[in-house]
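# I would like to see how this sequence folds:
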Amino acid sequence: MYRKRQVNLYFLLLFIVLIVLAALVSGSVYVFNLLKKDRERQLLPGIVCFGDSLTAGYIPDSNPAPYADTLKRLIQENYCNTDVVNFGASGEDSATITARSGAEPLFLSKDVLLPEDTSPVEIELEDKTGRRLVPLMYMDSGFNSCTLNGIEGTLENKFPGSKEGIYSFRRTAPGEPSSVPKGSKLIPASARLCLDHIPIIFMGTNGGFSSYEELIEQTDAVIRYRSAGAGGKYVVVGMYNGKAEWLDGYDQMMYRHYKEHFISLRSFLAFHGLDSAGLLYKEEDLNAMDSVSVPPSLLSDQVHLTKDGYEVLGRLIFDKMDELGYFDGFKEGWMPFSFLPGKDTKEKKETMKFVKELPNGINIGNTLDSYPTDGSDFNELDIETFWGNPSITEKYIDGLKESGISLLRIPVTWDIHTDEAGKLSAVWLGRVKQVVHYAYGKGMYIILDMHHDKALYPGYEDLDKNAYRLSRIWKQIAYEFRDYDKKLIFEGLNEPRLYDTEIEWGDGNEDTSFCLYVLNRSFIDAVRSSGGKNGERYLIIGGYHTGSSEKILSDIKIPSDTHLIIGVHAYLPYDFVQTTEKNSWRMDRAEDVREIADLRHNLTEFETRTGLPVIVTEFACIAKGEHENDRREWCRYYLESMNGRSIPCIWWDDGDESEYALFDRTTGEPLYPELCSFFICSEPSGF
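Below you'll find the predicted structure:
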């Protein structure tokens, strides 16, 4: 009996312990979820969408399909459950939307007397310029309840669907009669709501402005008022309705003013909309795309999008927010009590490690990047010899490998090998692939780039067209090489600059920095969307004319991606390496080593600040004849300086022995064995 009681007591104690543990676990889960929700709200309090019927998601004779629904779904699927508030109101012009957002007041346009009861009073509204404001044309969209001169009430449109702008204001509760003078402010509820939410601004389709400048002034007012509580975050969506010439100027103006915060919806839908929606091209779509217009397959009428079109817009805004870093807090180990790095952090570290283990290498210059400078016709299989070099052979690549070269940069000109539709020549693509495989099959690292192409122009003129052309070419290249592993690296743009201008070889400016960002983003997106192993392929981007100055590096706007490498060109010091006017170089002369020391400092500082690795994708020194010892010592010092910071360097070999050639273009054997010995290694070793 005693043992039986002991057993029963044991089970009772065990039961109590289990109950206590269950309570502790349940409580911990509850607390964890509270902390999680609180942290999510700190990272992303919400999103508020201001606009007209295109924000409301209007589709004739169908249920609305607002982009806000898609945006909310994507955020929930990828990050958290957050508010996405849709304040889209059909029919409203930009002035009315600006006022409804709270950025500018709605003014009473004449004196009125509010009675003591709740009977309605007729009023009209205007903005600060005297322009009539017409809210509530078709829907409320967060307008009510509102206050007139501090008196709470509701506003009704006496003629819904029209622009008469005659309203009745009805106070919510009886009170003292009140004389309300002209100029008194009417404040809608939407002006007071969601002030910590990130604003998405899409307005102008229904007019409400007299110039580009006034529309920007209105948009700026919304941004100032709405983004102040959202940490300065916002997105501006561009119009797509209107005459092409007017829209060209509009896009350029908006790009200049809002930079990466601006979405050219017109260009995106024209160039990428059908692909994004997964729709087949029709003849009328192709005609529209040629004129940079929205394909008819994405329109439900002359103005409004289809359900697919609104879905594309929602994804586009989601991607833009991701690009702007608005979700970064969710990617970097943000969970409560989490001390582990996020996935993005780990992948960036892997990218850094990959580059630090790369060897030095050479460019096979002035070959596959050759083109007829006089614009004459050419045979595609002969063009690589146009600038005096023989065709690249497997024997030559074998010789380079035997000489100790494990990294090749292969410059290629692509643009002249495309048709009017942007399709690459199968013959040319096949030839490039053959050369790549010569090296890839031997276990070498290859950087494949784009040289001398029209799309390498970082200016506002035709920016979206250039980005689209760049994207089309790189999609074809990336698809062709989709099954190659990480040893094949793509470099999107070689020395992008404003040709034939005063700043062509300068440090660029804020505008070139942004335009280059658009081009780099287009290149990255094209590769990432091309299947196979392209999702994690290492990609090289750079700054203005791929320069290496402190300003160029600091001005680089880096797109969101975890497998990026920064490429720079650094022919330093210029008067020694690119001319024969100065042939003397000594390591013990401060003026001879200063620029190389500054370069090492700038690149090291950049890597530390951004977490992105750097490769010197072009450096070289012209042949010095009887002063070859000076060139040899310069090369040794240069490589010791860069490799001492694990920065790989790639020599520009142009095939000309009187200039930059280091290896025989037939055999691949070193022309200057002692100089070559400074940077040759048989395997990546992480200098």
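
# Around Trp505, how many other residues sit close by?
For Trp505, the neighbour count with other CB atoms under 10 Å is 13. C-beta coordinates here come from the backbone N, C-alpha and C atoms, glycine included.

# What helix or strand is it located in?
Using DSSP states H and E, Trp505 sits within no helix or strand.

# Quick check: nearest residue in space to it, chain neighbours excluded?
His545 (6.2 Å; CB to CB, 6 or more residues apart in numbering).

# do the same with Gly314
The nearest residue in space to Gly314 (CB to CB, 6+ apart) is Thr70, at 2.6 Å.

# these two touch, right, the one you found and Tyr310?
Yes - counting by CB atoms under 8 Å, Thr70 touches Tyr310, with 6.9 Å between them.

# helix/strand/coil for Tyr250?
helix (DSSP: H, G, I helix; E, B strand; the rest coil).

# actually Arg170, not the one I typed
Per three-state DSSP, Arg170 ends up strand.

# looking at it, it is touching Thr118, isn't it?
Yes - counting by CB under 8 Å, Thr118 is a contact partner of Arg170 at 5.6 Å.

# neighbours of Tyr225, just the number please.
Tyr225 has 17 neighbours, counted by other CB under 10 Å.

# Let me see the confidence value for it.
Listed pLDDT for Tyr225 reads 97.

# before we move on, what about Gln6?
At Gln6, pLDDT is 59.

# can you check Cys49 too?
98.

# Once you drop chain neighbours, what's closest to it?
Ile200 (4.5 Å).

# count of residues packed around that neighbour?
Around Ile200 there are 29 residues (other CB under 10 Å).

# For it, name its beta-bridge partners.
Cys49, Val235 (DSSP bridges).

# Checking the residue lying closest to Ile680 once chain neighbours are set aside next. Helix, strand or coil?
Excluding the flanking residues, the one nearest Ile680 by CB to CB, 6+ apart is Gly404, at 3.6 Å. Following three-state DSSP, Gly404 is assigned to coil.

# show me where pLDDT drops low in the stretch 501-650 of the chain?
Counting by pLDDT under 70, the stretch 501-650 of the chain shows no low-confidence range.

# Quick one: the strands in it, in order.
Under the criterion DSSP state E, counting those that start in this stretch, the stretch 501-650 of the chain contains strands at 539-541, 564-569, 614-619, 649-653.

# packing partners for the third one?
So the one you mean is strand 614-619. Counting by 3 or more CB pairs under 8 Å, 6 or more residues apart in numbering; DSSP states H and E, the packing neighbours recorded for strand 614-619 are strand 564-569, helix 590-610, strand 649-653.

# how long is stretch 289-298 end to end?
End-to-end span of stretch 289-298 (CA to CA, to the nearest Å): 12 Å.

# what's next to it, contact-wise?
240, 244, 247, 266-267, 269-271, 273-274, 277, 279, 281-282, 284-285, 288, 305-306, 308-309, 312, 464-465 (CB atoms under 8 Å, 6 or more residues apart in numbering).

# PyMOL command for the buried members of the residues you listed?
To isolate the buried members of those in PyMOL, using 16 or more other CB atoms under 10 Å:
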select buried, resi 240+247+266+267+269+270+271+273+274+277+279+285+288+305+306+308+309+312+464
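
# Just the ones of the contacts of stretch 289-298 in helices?
By the criterion of DSSP state H, membership of these in helices covers 244, 247, 266-267, 274, 277, 284-285, 288, 308-309, 312, 464-465.

# any idea which of those is closest to Tyr499?
Lys465 (16.1 Å; CB to CB).

# Skipping its backbone neighbours, what lies nearest the closest one in space?
Lys465's closest residue in space is Val292 (CB to CB, 6+ apart), at 7.2 Å.

# same question, Leu113
Per CB to CB, 6+ apart, closest to Leu113 is Ser179, 5.4 Å.

# On the three-state scheme, the one you found is what?
strand.

# Now for it, how many residues are close by?
Neighbours of Ser179 (other CB under 10 Å): 10.

# what residues are up against it?
Here Ser179 is in contact with 111-114 (CB under 8 Å, 6+ apart).

# sorry, back to before: so the residue nearest to Trp505 sits against Ile503, correct?
No - in this structure, His545 is not within contact of Ile503 by CB under 8 Å, at 9.5 Å.

# out of the two, which sits in the busier spot?
His545 (25 against 13).

# Any regions of the protein where pLDDT drops low?
Using pLDDT under 70, the chain drops low at 1-13, 20, 22-41, 332-344, 455, 681-687.

# ends of stretch 572-581, how far apart?
14 Å.

# Show me which parts of that stretch are buried, residue by residue.
Under 16+ other CB under 10 Å, the buried positions of stretch 572-581 are 572-573, 576-578.

# Could I get the residues you listed in CSV, plus columns for distance to Leu21?
Below are those laid out as CSV (distance: CB to CB, whole Å):
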residue, distance to Leu21
Leu572, 67
Pro573, 71
Phe576, 75
Val577, 72
Gln578, 74
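
# if we can go back for a sec, Gly309 versus the residue nearest to Leu113, what's the distance?
49 Å (CB to CB, to the nearest Å).

# now swap in Trp585 and tell me
61 Å.

# returning to that earlier point: which neighbours do His545 and Ile503 have in common?
Between them, His545 and Ile503 share no contacting residue, judged by CB under 8 Å, 6+ apart.
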